[in-house]
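Asks: Structure of the sequence below:
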Amino acid sequence: MGEVIAVCVSKDKGEKKTPVESVLLKKEWGIEGDAHAGNWPRQVSLLASESVKKMEDKGLSLGAGDFAENITTSGIDLLTLKIGTKLTLGDEVELEITQMGKECHDKCAIFEQVGFCVMPEEGVFARVLKGGTVTQGDQIRIVE
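Replies: Alright, predicted model coming up:
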């Protein structure tokens, strides 16, 4: 079982996301008010706090959303999940993993600083199967 460390949104693509108290996920859409929401496979992005720590160990001072992730997790090995894996977040939300990693078209500010960005290799993307509210501290479970 894992935990939601932070939930983050941005109004525009290509920028860091801002941590917020909670987010509303809509079925087959994503996070209400987030630039990446839409009818496509990458409605929600997840990144493990353990992945963020790798970058902090390179000397960066980072916060939630700095890699443009919607949900920062802890205690769940996102990198071992397979496409099609279902996760529940809190009491309502169900996600389905649709993509592992992504192609990074432009070198982001993090890449420019340290020569490497963790999101293209360790970010996980999902679509929303069941909507609801997600808040920091919510539990994350793999649906067997």
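
Asks: As a quick check, tell me the outermost residue of the protein.
Replies: Gly59 (22.1 Å; C-alpha atoms, centre = their mean).

Asks: give me the element it is part of.
Replies: For Gly59, there is no helix or strand it lies in under DSSP states H and E.

Asks: and it, how far is that from Asn70?
Replies: In this view, Gly59 and Asn70 are 26 Å apart by C-beta to C-beta, to the nearest Å. Any C-beta I mention is one placed from the backbone N, CA and C, and that applies to glycine too.

Asks: Would you point out which residue is most central in the chain?
Replies: Centroid-nearest residue in the chain: Leu46, 1.9 Å away (criterion: C-alpha atoms, centre = their mean).

Asks: any idea what that one is structurally, helix, strand or coil?
Replies: Assigned by DSSP: H, G, I helix; E, B strand; the rest coil, the conformation of Leu46 is strand.

Asks: next one: the one 4 residues further on
Replies: When states are read from three-state DSSP, the local structure at Glu50 comes out as helix.

Asks: Is the nearest residue to it once chain neighbours are set aside bridged to anything, and to what?
Replies: The shortest distance from Glu50 to any non-neighbouring residue, by C-beta to C-beta, 6 or more residues apart in numbering, is to Ser74 (7.1 Å). Beta bridges link Ser74 to Glu3 when assigned by DSSP bridges.

Asks: If anything else comes up later, I'll come back, but that's it for now.
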